[in-house]
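> here's a sequence, model it:
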Amino acid sequence: MKIELGCSCNKTSGYLGVDMEKLPGVDVVHDLETFPYPFDDNSADEILASHILEHLRNWREAIAEANRILKPKGLLIIKVPHFSCANAYSNPEHVNRFASDTFRFMKGFKHIRTELHYMDTRYCDKKSWKRIPDKVISWLANLNVWLCERIWMYWVGGFGEVYVELLKKETEK
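Model prediction:
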């Protein structure tokens with residue numbers, strides 16, 4: 001089973017959609033600030049949290065819930081606005097800011113990958129020539145994320161998104 005937390009009406013194909021409102025595509029209505037989530041322990045192969053954690057006051061508890069729900073070696077994919085993105089601050093519903101290292105040391109997970117995306121992937125036309133600057137700048141940023149976040153992200157106007165993959169650790173015997 002694959003679960004998308006906070007899917008709104010834009011559920012990713014192949015995922016079970018969870019949101020606090022019954023919108024088109026929402027399969028499970030649940031407030032993500034209320035714990036526990038309505039899923040069994042070790043029941044999901046993958047959880048996608050795309051642009052939802054910035055809205056949650058207790059995002060760390062949401063990550064702990066994902067850990068509970070995921071099977072060992074299950075994948076947690078996170079997409080959040082980067083702290084340098086104007087939308088991270090301009091949206092009054094955003095209560096958290098994130099950097100590339102925010103999720104690197106989450107308890108119960110092995111960090112697999114972190115990328116900076118120049119543009120927020122929700123708003124990119126993936127087939128357009130307009131995506132070329134995004135691909136080039138993102139590629140350069142991910143050569144050295146540390147250097148990018150400390151120096152040159154300010155030269156390009158900031159980054160839209162942090163993309164993270166975390167693998168649930170196997171339980172110790």
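> list the residues that contact residue 98.
53-54, 80-83, 88, 162 (CB atoms under 8 Å, 6 or more residues apart in numbering). For glycine as for every other residue, the C-beta is placed from the backbone atoms N, C-alpha and C.
> could you do residue 57 as well?
Going by CB under 8 Å, 6+ apart, residue 57 touches 33, 95.
> go with 10 Å
33, 95-96 (CB atoms under 10 Å, 6 or more residues apart in numbering).
> and it, how far from residue 108?
21 Å (CB to CB, to the nearest Å).
> repeat for residue 13
Taking CB to CB, one finds residue 13 at 28 Å from residue 108.
> same deal with residue 95?
23 Å.
> after the longest strand seen in the chain comes which helix or strand?
Longest strand in the chain, counting residues (DSSP state E): strand 70-81. Once the chain leaves strand 70-81, the next helix or strand it forms, by DSSP states H and E, is helix 86-90.
> please name every helix or strand in contact with that following helix.
strand 70-81, strand 161-168 (3 or more CB pairs under 10 Å, 6 or more residues apart in numbering; DSSP states H and E).
> quick check: mean pLDDT across the shortest one?
The average pLDDT for strand 161-168 rounds to 96.
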